[in-house]
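Asks: What follows is a predicted structure for the sequence shown.
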Amino acid sequence: MTRNGEPLNQPVTEAINHPVGHVTQALLDQWYKATLNDGDLLSSSFETAFTQLCDTHTERFRHGRVLLCAHVIALFRVDQAWTERHLLQLFDWHRDATEARAAWQGFLWSPRLYLPLMIAIKPFLIETASQYSALGDHGRQYAAFLTYAALEPADGFAPEEFRAAFGALPPEGLREAAQALAQAQEGAGEQREEYWKNRLRPFWNNVWPKNQSMVSAPIAERLARIAIGAGSAFPDALQTVRTWLLPVAYPDQLTKPLKTSGLCHQFPDAALDLLDVTIAAPQWVSDELLECLQQISAVKPSFQNDARHQRLIALYRMKHI
């Protein structure tokens with residue numbers, strides 16, 4: 001597939017629109033029609049066809065390899081030996097960067113966590129952080145996938161291995177990782193305190209980079225959301241991530257959930273601290289900021305004389321003149 005006569009340089013899009021991709025997808029569809037079980041092995045006909053597609057000497061077959069890599073978990077479970085011999089080597093950046101880029105984009109098209117496969121490609125998985133820019137739009141999926149992998153208890157992975165990967169991510173990759181962390185914490189529901197204690201805090205202490213030159217407003221906004229999402233663990237979460245907090249561009253992203261969380265009543269000191277450190281002089285602040293401050297001062301009237309409280313009240317009034 002081309003644009004203005006030039007390749008799109010988007011392996012997944014090209015693969016699903018190429019005749020080789022069409023044939024590969026038809027083969028996969030036919031393969032899935034059978035009842036597949038772990039360790040069944042590939043039948044001779046599918047093994048022959050898939051092995052031919054994995055021949056990197058035939059460039060046009062790369063479109064088929066992209067789709068095989070999108071289904072690598074199923075192939076690994078059914079025939080681990082074949083997959084290790086023919087498919088997993090495609091994920092190795094040092095072997096062939098072009099093939100690795102295509103393989104990872106195929107996998108990241110719809111990635112899922114499957115620990116045995118992750119262990120089998122662990123060196124390639126960690127190395128991909130250094131190749132983030134080569135992934136294009138799929139870099140976001142990689143950062144999120146890496147984050148969820150690091151949050152799960154996983155024998156076979158040491159914290160320092162994940163720490164090396166996160167340390168190699170560029171700022172935009174770390175921003176996507178922070179977004180995945182915030183979504184994970186916010187999705188914990190009634191288990192939010194336990195999730196913070198057992199997953200997020202160990203991740204922060206053992207995996208998250210300590211290089212504060214990577215601090216940015218988008219990352220700070222996501223980390224503040226994590227603190228709010230920690231529920232009754234809010235003061236601990238705030239204290240843990242506080243050195244990475246700074247003024248955010250859109251305070252409404254924080255004041256709205258903070259107002260409805262009940263944390264201003266429960267932890268007025270920490271709530272005021274969060275508002276003070278994340279709100280400087282944005283273009284606009286909504287009524288939720290005033291409501292948060294009113295909730296805080298209702299619990300601690302003395303805070304009306306606090307310089308932080310007074311600054312934020314003045315900022316709200318100035319923006320609503």
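Replies: Yep, that arrived.
Asks: domain ranges for the protein?
Replies: What the record gives for the chain is the domain set 1-110, 111-184, 215-321, from automatic domain parsing.
Asks: which one of those lies closest to residue 203?
Replies: Nearest to residue 203 among those is domain 111-184; the distance by C-beta to C-beta comes to 5.7 Å. (Glycine included, C-beta is placed from N, CA and C.)
Asks: okay, and for the stretch 51-200 of the chain, where does confidence drop off?
Replies: Scanning the stretch 51-200 of the chain for pLDDT under 70 picks out nothing.
Asks: which residues in it form helices?
Replies: 62-70, 72-78, 80-86, 97-108, 115-120, 122-127, 139-151, 159-168, 171-186, 192-195 (DSSP state H, counting those that start in this stretch).
Asks: Now render those helices as TSV, adding distance to residue 294 and mean neighbour count.
Replies: Converted to TSV, the helices of the stretch 51-200 of the chain look like this (distance: least, C-beta to C-beta, whole Å; neighbours: other C-beta atoms under 10 Å):
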stretch	distance to residue 294	mean neighbour count
helix 62-70	52	26
helix 72-78	52	20
helix 80-86	60	16
helix 97-108	46	23
helix 115-120	49	16
helix 122-127	49	18
helix 139-151	36	22
helix 159-168	39	18
helix 171-186	25	21
helix 192-195	25	18
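Asks: wait, doesn't residue 229 sit right on residue 189?
Replies: No. Between residue 229 and residue 189 there is no contact under C-beta atoms under 8 Å: 9.9 Å.
Asks: about what we covered before: just put the domains of the chain in CSV and tack on distance to residue 194.
Replies: Formatted as CSV, the domains of the chain follow (distance: least, C-beta to C-beta, whole Å):
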stretch, distance to residue 194
domain 1-110, 29
domain 111-184, 13
domain 215-321, 9
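Asks: For residue 208, find the nearest of those domains.
Replies: Taking C-beta to C-beta, domain 111-184 is the member of these nearest to residue 208, at 6.4 Å.
Asks: distance of the closest residue to residue 159 other than its chain neighbours from residue 157?
Replies: Residue nearest to residue 159 in three dimensions, not counting chain neighbours: residue 206, with 4.0 Å by C-beta to C-beta, 6 or more residues apart in numbering. In this view, residue 206 and residue 157 are 11 Å apart by C-beta to C-beta, to the nearest Å.
Asks: between those two, who's got more neighbours?
Replies: For the pair residue 206 and residue 157, the greater number of neighbours falls to residue 157 (19 against 13), based on other C-beta atoms under 10 Å.
Asks: Tell me which residues touch the more buried one, please.
Replies: 118, 119, 122, 149, 150 (C-beta atoms under 8 Å, 6 or more residues apart in numbering).
Asks: cool, residue 242 as well?
Replies: By C-beta under 8 Å, 6+ apart, residue 242 lies in contact with 273, 277.
Asks: Against residue 235, how distant is it?
Replies: Residue 242 sits at a distance of 10 Å from residue 235 (criterion: C-beta to C-beta).
Asks: Also residue 31?
Replies: Applying C-beta to C-beta to residue 31 and residue 235 gives a distance of 53 Å.
Asks: what about the domains of the chain, which gets the closest to residue 196?
Replies: Among those, if distance is taken as C-beta to C-beta, the winner is domain 215-321, at 4.0 Å.
Asks: Do me a favour and get the end-to-end distance for that closest one?
Replies: For domain 215-321, the first-to-last residue distance is 33 Å (C-alpha to C-alpha, to the nearest Å).
Asks: what's the answer for stretch 27-36, then?
Replies: Start-to-end span of stretch 27-36 (C-alpha to C-alpha) is 14 Å.
Asks: which parts of that stretch are buried?
Replies: Buried residues in stretch 27-36, counted by 16 or more other C-beta atoms under 10 Å: 27, 28, 31.
Asks: Return the list of helices and strands in contact with the helix or strand where the last one lies.
Replies: The secondary structure element spanning residue 31 is helix 19-32 (assigned by DSSP states H and E). For helix 19-32, the elements it packs on are helix 11-17, helix 44-53, helix 62-70, judged by 3 or more C-beta pairs under 8 Å, 6 or more residues apart in numbering; DSSP states H and E.
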